[in-house]
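S.K.: Let me see the structure of the following:
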Amino acid sequence: MAIPPPRTYTTLSSRGLRNDILPMRLYHKAKKLGIWDPRDIDLTQDRQDWQQMSVEKQDQLRGLIMAFQAGEEAVTVDLLPLIMTIAREGRLEEEMFLTTFLWEEAKHTEFFRRVLDEAIQVRGQELNQHYINRSGAERDLFDDELVQDMGILLTDPSPVNQARASIVYNMIIEGVLAETGYYSFARMLNHNNIMPGLQKGLTLIKRDESRHIAYGVFLISRLVAQDKSLWPIVEARMYELYDRIESRRPKENVTKEAEEINDYSRQQFQKRLTRIGRAREQTLEQVYQTADVEEQA
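M.R.: Got it, this is the predicted structure:
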């Protein structure tokens, strides 16, 4: 049996903790902004609003909530290989942030289940059948791409595999599907001033996710800054997954609302891709000192 190398302690070395780099700045934000309890959110009015909603609106909202419920559980379950990879590389500041990351995903999972149980009041068996009957890019990403790209880190945590894992997780699931979902929620709920508990939870979740996406941009940028040859692989993979989502969207009789949502999705995707692309010209230290727009939340 191989003998593990002697343990070293970053916090007992002259290096200590680097509080100036992006992962630690996100960690400090998470301590302040991520402290909220899904059980504290009042869903009484949400239950009343749901009962007064038309069947068509109920179907739309139920489908959106189910997609988020499945997605939040998937990202909670599948994050561990990335945390293990970062820990084994001795990147303590990043690992510290990722502990808050996993905790927040678990809270998001809990919150959406509360909405289903207490506001919508639908049985789990019915929900599961509804979800199975749904088709779309999100199911492929949750059930296939995320599982594969995260799982391979357990046996081959190479830089390219780390980049692929972060792309599907942070850039596509969080940065495209979830961001687009928030936009759709806002149009359905905020404009009609309904379901205040769900609105409050979404505001808190979106704030958490902004830190998660910021870390994903940072991680992929760090990998590209360390090895410029990764950039073509990163760019191609991001477009591949994004185009797959785009290909599933209706091309005819598209409503103005759908066009606005699609435009927003493209803008968010392009913004992050452009930011990562800058790493080709940056040093590793410059990436560490990045102040990304996501971090401002």
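S.K.: make it CA atoms for all contacts and neighbour counts henceforth
M.R.: Will do.
S.K.: how far away is the most centrally placed residue in the chain from residue 68?
M.R.: Centroid check for the chain by CA atoms, centre = their mean gives residue 174 as the closest residue, at 3.0 Å. Between residue 174 and residue 68 the distance is 10 Å, computed by CA to CA, to the nearest Å.
S.K.: The residue nearest to the centre of the chain and residue 213 touch, don't they?
M.R.: Yes: the pair residue 174 / residue 213 is scored as a contact, 6.8 Å apart, by CA atoms under 8 Å.
S.K.: Is residue 119 in a helix, a strand, or coil?
M.R.: In three-state terms, and counting by DSSP: H, G, I helix; E, B strand; the rest coil, residue 119 is helix.
S.K.: nope, residue 14 is what I meant
M.R.: Recorded secondary structure, residue 14: coil (three-state DSSP).
S.K.: Please apply the same query to residue 194.
M.R.: Residue 194 - assigned by three-state DSSP - is coil.
S.K.: how close does it sit to residue 48?
M.R.: Applying CA to CA, one obtains 9 Å for the distance of residue 194 from residue 48.
S.K.: again, but for residue 211
M.R.: For residue 211, the distance to residue 48 equals 33 Å [CA to CA].
S.K.: try residue 219
M.R.: 43 Å.
S.K.: and if you look at residue 179?
M.R.: 27 Å.
S.K.: Looking only at neighbour counts, state which of those two leads.
M.R.: A direct count of neighbours by other CA atoms under 10 Å for residue 179 and residue 48 places residue 179 higher, at 21 against 14.
S.K.: wait, that one sits on residue 263?
M.R.: No: the pair residue 179 / residue 263 is not scored as a contact, 11.8 Å apart, by CA under 8 Å.
S.K.: Ramachandran coordinates for residue 41?
M.R.: phi -80, psi 130 (degrees, to the nearest 10).
S.K.: quick one, what contacts the closest residue to it other than its chain neighbours?
M.R.: In space, and not counting its chain neighbours, residue 41 is closest to residue 197: 5.9 Å by CA to CA, 6 or more residues apart in numbering. With contact taken as CA atoms under 8 Å, 6 or more residues apart in numbering, residue 197 is in contact with 41, 42, 43, 44, 45, 46.
S.K.: Over to residue 284?
M.R.: Contacts of residue 284 (CA under 8 Å, 6+ apart): 222, 225, 226.
S.K.: per-residue pLDDT, residue 265?
M.R.: Residue 265 carries a pLDDT value of 84.
S.K.: check contacts around it.
M.R.: Residue 265 makes contact with 176, 177, 179, 180 under the criterion CA under 8 Å, 6+ apart.
S.K.: Then residue 121?
M.R.: Neighbouring residues of residue 121 by CA under 8 Å, 6+ apart: residue 115.
S.K.: how about low-confidence regions in the chain?
M.R.: 1-4, 123-139, 250-254, 292-297 (pLDDT under 70).
S.K.: Which stretches in it count as helices?
M.R.: Assigned helices in the chain, in chain order: 22-33, 44-52, 55-78, 80-88, 92-114, 124-133, 137-140, 146-151, 159-166, 179-189, 196-226, 231-248, 256-277, 284-288 (criterion: DSSP state H).
S.K.: chain center to stretch 183-192: distance?
M.R.: 20 Å (CA atoms, centre = their mean, to the nearest Å).
S.K.: meant to ask about stretch 107-122, not that
M.R.: Per CA atoms, centre = their mean, the centroid offset for stretch 107-122 relative to its chain is 19 Å.
S.K.: do the same with stretch 233-242
M.R.: Distance, stretch centre to chain centre, for stretch 233-242: 17 Å (CA atoms, centre = their mean).
S.K.: now do stretch 95-109
M.R.: For stretch 95-109, the distance to the chain centre is 11 Å (CA atoms, centre = their mean).
S.K.: One more: stretch 58-76?
M.R.: Using CA atoms, centre = their mean, the offset of stretch 58-76 from its chain centre is 13 Å.
S.K.: And that stretch, what's buried?
M.R.: 61-63, 65-76 (16 or more other CA atoms under 10 Å).
S.K.: what does it contact?
M.R.: 50, 102, 105-106, 108-109, 112-113, 116, 127, 130-131, 138, 142, 169, 173, 178, 181, 185, 188.
S.K.: Buried among those residues? Make that a ChimeraX selection.
M.R.: Burial among those is assessed by 16+ other CA under 10 Å; the matching ChimeraX selection reads:
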select :50,102,105,106,108,109,112,113,116,138,142,169,173,178,181,185,188
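S.K.: What is the burial count for residue 22?
M.R.: Neighbours around residue 22, by other CA under 10 Å: 24.
S.K.: whoops, residue 191 was the one
M.R.: 9.
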